[in-house]
Every structure is written in C-alpha cells, then in structure tokens.
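# When you get a sec, could you give me coordinates for this:
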Amino acid sequence: MNPFFKAVALSVAFVGAPVLAADTAEVGKPAPAFTLKDEAGKSHALADYKGKVVVLEWTNSECPFVKRHYEAKTMQTTQKGFDAKKVVWLTVDSTASHNAKFAADWKKKEGFTQPVLIDTDGKVGKSYAAKTTPHMYVIDGEGVVRYAGAIDDDARGKGATTNYVKTAVDAVLTGQQVPTATSEPYGCSVKYKS
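This next block holds a predicted model:
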C-alpha cells in the first residue's frame, strides 16, 4: 500500500476509535453506566437498579415543552401507571446552569417524588446522546436500552395518540418486543456546558 494512503487509513481509524457504539446509548445494547447525585445529594448508579425497568427522562424545567408536559401531567400520569416495585423513573438534568438547589425548588413546586439527577458537566447526557428536553430512554432489568426517543407522538401539543414510554415499559414487563423502539425526540435542545 502506498505509504501516504496507509498513513491516512491509520489516522482515520485512530480518529474514529473514540466514537464507538459501546460508548453511547443504543437500542438493543447495554446502557452506559453512570452514577449521579440527586437534588438531595443522594447517589444513584444505574447498576443499583438491576432487575428493574429504568425510565430515564432528560429534563430542563425552563423548557416550554417540559413545562407543557408537567402542566398536562404527562410525566406524572405515565409514571403513576407503573408498578414502583418493578419500574424506576429517574429524571436527569444536564443543563449546565442548573444545580441541586434549582432542581430541589422545581421538584417542590411541581410536587413529584422521583429524584432529579444532576449532570451539570453533561457527561452522562452526552453518553446517552440526549438531544432534547424531554428525551426518554427505557432500560430493561438486564441493563439493555429498549427504547429511546420522545415521550409520545404529540410534539405540537394537540393530543397524543401513542405514549411511547408507556408502550415500551409495558412491552418490556410482559416480555414482548417494544413495538416502536426509537422515535424522534422533540423539545428544547439540551443546554450542555460549552
């Protein structure tokens, strides 16, 4: 092989190496491990919930889409429909300007009980390729991502016909294949640290 082309091929292989599918969340593959503290300072590791279905909800309480879903009780109603012994719901805030106090104040105002995990440096959000708020993931009891995308098919707020997260969790709990394993998430962009 021509030495120039060999060098180019090696540099392309080297540059591409860090962006492996194993490093980011992908449906059908093991979810990236993480440990984050919540608004009260308690640590939560994905590994702590082995054997349970885990729903991850990326959020930003200042986003109009998130506000709409919390005012309409979309998140709360979806969560209440699950057996808390089998399903864990973790809300993740990767907004660079938010902190534990901000999350605690929002949680108190909205009156929900799930922990808000603080990901100010955005490392966990980026490992999941979370793009929007909200952006949802469903992980099965073995730690495999089974769904990634929107909460539902109601981007414009006209009334959902399908709640993708409820459908995915119900399928995982009954050992069925998730009918829609991915969808296009909608909302505000995640405000990562620049």
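# pLDDT below threshold where in the chain?
1-23 (pLDDT under 70).
# Run through the strands of it in chain order.
35-37, 43-45, 53-58, 87-93, 116-118, 132-133, 135-139, 145-149, 188-189 (DSSP state E).
# Report the separation between the closest residue to Ala171 other than its chain neighbours and Met136.
Spatial nearest neighbour of Ala171, excluding adjacent residues (CB to CB, 6 or more residues apart in numbering): Val178 at 4.6 Å. C-beta here means a position set from N, CA and C on the backbone, and glycine is covered the same way. Distance from Val178 to Met136, counting by CB to CB, to the nearest Å: 12 Å.
# Those two: which has the busier surroundings?
Neighbours were counted for Val178 and for Met136 using other CB atoms under 10 Å; Met136 has more, 23 against 19.
# I'd say the residue nearest to Ala171 and Val165 touch.
No. Using CB atoms under 8 Å, Val178 is not in contact with Val165, being 10.3 Å away.
# Now do the shared contacts for the two.
Val138, Tyr147 (CB atoms under 8 Å, 6 or more residues apart in numbering).
# picking up where we left off before, what do Val178 and Met136 both touch?
Tyr147.
# Against Tyr192, how distant is the closest residue to Gln79 other than its chain neighbours?
Leaving aside its chain neighbours, Gln79 sits nearest to Trp89 (4.9 Å; criterion: CB to CB, 6+ apart). Per CB to CB, Trp89 is found 23 Å from Tyr192.
# ok, these two, which is more surrounded?
Taking other CB under 10 Å, Trp89 and Tyr192 do not tie; Trp89 has more neighbours (22 against 16).
# Would you check how far apart that one and Trp106 are?
Trp89 is 15 Å from Trp106, by CB to CB.
# can you check Ile139 too?
24 Å.
# Which one of those two is surrounded by more residues?
Ile139 (25 against 21).
# which residues touch that one?
Ala31, Leu46, Val53, Val54, Val55, Leu56, Val145, Arg146.
# can you count the residues close to Gly81?
Around Gly81 there are 13 residues (other CB under 10 Å).
# Many thanks, have a good one.
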